[in-house]
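Peer 1: got a predicted structure here, sequence first:
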Amino acid sequence: MAASVLFCAVWSTAVLLSEVGAEGGEFSPGQSAASLPLGAAAAERRYLLYDVNPPEGFNLRRDVYIRMASLIKTLRKSSDWVLVLPPWGRLYHWQSPDIHQVRIPWAEFFDLDSLNKNIPVIEYEDFLAESGGPFIDQVYVLQGYAEGWKEGTWEEKVDRRPCIDKLMYSEDKSGYYRGWFWGYEETRGINVTCLSVQGSASIIAPVLLKNTTARSVMLDRAENLLHDHYGGKDYWDTRRSMVFAQHLRIVGDEFRARLLQSNDKTDKTIFQEDWTKVKVKPSLPLGGPYLAVHLRRKDFIWGHREDVPSLRRAAEEIHSLLKKLKLKKVFIATDSDRQDLEELQKLIPEMVRYEPTWEELELYKDGGVAIIDQWICAHARYFIGTSVSTFSFRIHEEREILGFDPKTTYNRFCGDQEKNCEQPTHWKIVY
Ligand SMILES: Nc1nc2c(ncn2[C@@H]2O[C@H](COP(=O)(O)OP(=O)(O)O)[C@@H](O)[C@H]2O)c(=O)[nH]1
Ligand SMILES: *[C@@H]1O[C@H](CO)[C@@H](O)[C@H](O)[C@H]1NC(C)=O
Ligand SMILES: *[C@@H]1O[C@H](CO)[C@@H](O)[C@H](O)[C@H]1NC(C)=O
Ligand SMILES: [Mg+2]
């Protein structure tokens with residue numbers, strides 16, 4: 001059964017490609033596919049690509065990766081699928097001037113060997129080389145249902161529907177679809193269709209397996225699909241496989257040693273490179289002799305949210321925590337603007353921050369600097385973050401992976417006037 005579906009898929013894609021190629025220009029999918037010395041195994045492989053709503057930040061995108069990994073696991077029960085990692089770039093928060101932050105491969109931020117121990121992944125450039133050119137056979141733009149859903153009648157479903165929003169793709173003279181495609185201008189979609197979805201990532205698996213024979217399928221607006229099982233074993237396997245790139249961990253470790261008297265030995269934070277070998281931690285790590293803070297500002301304060309503290313209130317909390325924990329040092333990760341930083345400096349003169357030089361920023365980029373901040377926060381004796389910030393959530397998870405006592409991790413600041421300041425939920429690892 002699986003084999004015949006597979007054969008069918010390969011055969012009809014070849015027909016589709018050659019048809020399109022005949023009318024294409026100097027660079028058509030038919031030609032490029034034919035010129036590639038593809039082995040039989042590579043020819044059978046199908047590619048899942050995805051992208052996320054442009055305004056979404058780095059840390060929600062990391063969450064969407066987990067959902068796509070679940071989908072790949074479901075698809076692979078039937079046939080050979082690989083996930084193509086969407087190049088990073090053009091993120092709203094990556095505002096450092098004069099550095100080019102587009103078409104960034106995942107290897108600049110994450111350890112690909114670790115990702116590959118969970119699901120097969122390849123970079124977009126590898127996809128271009130392997131699949132025969134900058135063409136994506138089928139783009140599905142995911143959206144909700146125009147009619148919404150009636151209360152009490154939630155059901156998981158997926159249907160082909162007219163596009164609700166203006167399509168972010170346009171047809172060119174040759175009938176190909178042009179769009180953002182992670183900044184790869186030469187990439188084209190051969191077919192773009194809207195699908196209304198309601199449910200977890202794997203509900204779309206039957207559509208990919210049965211309704212289309214396209215070899216490369218891109219799910220745009222993939223955040224419309226939810227987690228198969230948030231916080232379950234599959235979730236944590238994928239999350240644990242998202243090991244930060246080694247060069248960023250090294251920068252974080254050097255900073256810990258130099259400015260925070262923190263190292264894995266005295267902190268008892270044993271980092272195991274191969275996440276598949278890690279089981280339940282035998283003993284709790286201690287963490288470095290510092291308090292770590294994530295203070296999310298910018299768009300989190302513009303709306304005057306009542307769960308986000310003023311800097312003055314945050315500074316009070318920090319000083320009271322330092323006293324309670326008998327710590328002298330506080331590491332602060334923040335996206336504060338210059339004015340907020342000056343105020344912070346006055347309120348907390350002893351604060352330590354990771355401030356990259358221009359050369360370091362150019363090398364690691366805003367994403368790498370954020371990861372270094374997260375890595376340092378993850379190794380502190382105690383962490384306190386900002387309410388409903390996915391940046392803080394990813395630090396919680398990193399600390400959970402290192403085995404910290406949840407009391408030292410799942411903490412957040414309260415707003416100055418907040419009445420019910422509920423603390424973050426403890427999500428325990430399932431091994
Ligand atoms: N380096 C650094 N960047 C931050 C910090 N807080 C926020 N940012 C930047 O702002 C973005 C926040 O967006 P996102 O990742 O979606 O997290 P969320 O909006 O807080 O849920 C991050 O991806 C970073 O680019 C921080 O403490 N350190
Ligand atoms: C997939 O195919 C089935 C069976 O032909 C059909 O009922 C369903 O509407 C299709 N779904 C989509 C999303 O095209
Ligand atoms: C595009 O894809 C849809 C859904 O798979 C299909 O029904 C339609 O015929 C395709 N259009 C073209 C022009 O191939
Ligand atoms: Mg965000």
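Peer 2: Perfect, I can see it now. Numbers count the residues shown, from 1 in each chain. Ligands and ions are numbered 1, 2, ... in the order given.

Peer 1: wasn't Thr153 part of a helix?
Peer 2: No - per DSSP: H, G, I helix; E, B strand; the rest coil, Thr153 lies outside any helix segment and is coil.

Peer 1: nearest to ligand 3: which residue in the stretch 251-400 of the chain?
Peer 2: As assessed by CB to the nearest ligand atom, ligand 3 sits closest to Thr390 within the stretch 251-400 of the chain, at 32.8 Å. For every residue, glycine as well, the C-beta is placed using N, CA and C.

Peer 1: pLDDT wise, what is that residue at?
Peer 2: With respect to pLDDT, Thr390 scores 96.

Peer 1: go on, the one 4 residues further on?
Peer 2: Per-residue confidence (pLDDT) for Arg394: 97.

Peer 1: which parts of this protein sit against ligand 3?
Peer 2: Residues of the chain lying close to ligand 3 (CB under 6 Å from any ligand atom) are Asn191, Thr193, Thr212.

Peer 1: burial of whichever residue of the stretch 101-250 of the chain sits closest to ligand 2, as a residue count?
Peer 2: In the stretch 101-250 of the chain, no residue comes nearer to ligand 2 than Asn211, which is 3.8 Å away by CB to the nearest ligand atom. For Asn211, the count of nearby residues is 14 (other CB atoms under 10 Å).

Peer 1: and it, what's its pLDDT?
Peer 2: Confidence score, pLDDT, at Asn211: 98.

Peer 1: got the residues of the protein near ligand 2?
Peer 2: Val158, Asp159, Arg160, Leu195, Val207, Asn211.

Peer 1: which of the residues you listed count as buried?
Peer 2: Buried residues within these, defined by neighbour count using 16 or more other CB atoms under 10 Å: Val158, Leu195, Val207.

Peer 1: that's a strand at the first one, yeah?
Peer 2: In other words, Val158. Yes - the assignment for Val158 is a strand, going by three-state DSSP.

Peer 1: just give me the closest of the residues of the chain next to ligand 2 to Ile72.
Peer 2: Val207 (14.5 Å; CB to CB).

Peer 1: you'd agree that closest one is up against Leu195?
Peer 2: Yes - judged on CB atoms under 8 Å, Val207 makes contact with Leu195 at a distance of 7.1 Å.

Peer 1: which residues are common contacts for the two?
Peer 2: Tyr140, Val158 (CB atoms under 8 Å, 6 or more residues apart in numbering).

Peer 1: on that earlier part again, now list the buried members of the residues of the chain next to ligand 3.
Peer 2: Asn191, Thr212.

Peer 1: the residue of the stretch 251-400 of the chain closest to ligand 3: neighbouring residues, count only.
Peer 2: 16.

Peer 1: just give the nearest non-adjacent residue to it, would you?
Peer 2: Spatial nearest neighbour of Thr390, excluding adjacent residues (CB to CB, 6 or more residues apart in numbering): Asn59 at 3.7 Å.

Peer 1: the one you found belongs to a helix, doesn't it?
Peer 2: Yes - applying three-state DSSP, one finds Asn59 inside a helix.

Peer 1: give me the number of residues near Gln417?
Peer 2: The burial count for Gln417: 10, using other CB under 10 Å.

Peer 1: could you grab the helix/strand/coil label for it?
Peer 2: What three-state DSSP gives for Gln417 is coil.

Peer 1: residue contacts, it?
Peer 2: Glu306.

Peer 1: now do Thr390
Peer 2: Counting by CB under 8 Å, 6+ apart, Thr390 has contacts Gly57, Asn59, Leu60, Arg62, Asp63.

Peer 1: for the stretch 251-400 of the chain, which residue gets nearest to ligand 2?
Peer 2: Thr390 (29.8 Å).

Peer 1: okay, now the spatially closest residue to Asp51 that is not a sequence neighbour: neighbour count?
Peer 2: By the measure of CB to CB, 6+ apart, the closest residue to Asp51 outside its immediate chain neighbours is Asp220, 4.9 Å from it. As a burial measure, Asp220 scores 27 neighbours (other CB under 10 Å).

Peer 1: hang on, isn't Asp220 packed against Gln138?
Peer 2: No - with contact defined as CB under 8 Å, Asp220 does not reach Gln138; the gap is 10.9 Å.

Peer 1: by average pLDDT, which secondary structure element in the protein comes out worst?
Peer 2: helix 2-23 (a mean of 34; mean pLDDT, DSSP states H and E).

Peer 1: can you classify the closest residue to Pro162 other than its chain neighbours by secondary structure?
Peer 2: The shortest distance from Pro162 to any non-neighbouring residue, by CB to CB, 6+ apart, is to Cys194 (6.6 Å). Of the three states, Cys194 takes strand according to three-state DSSP.
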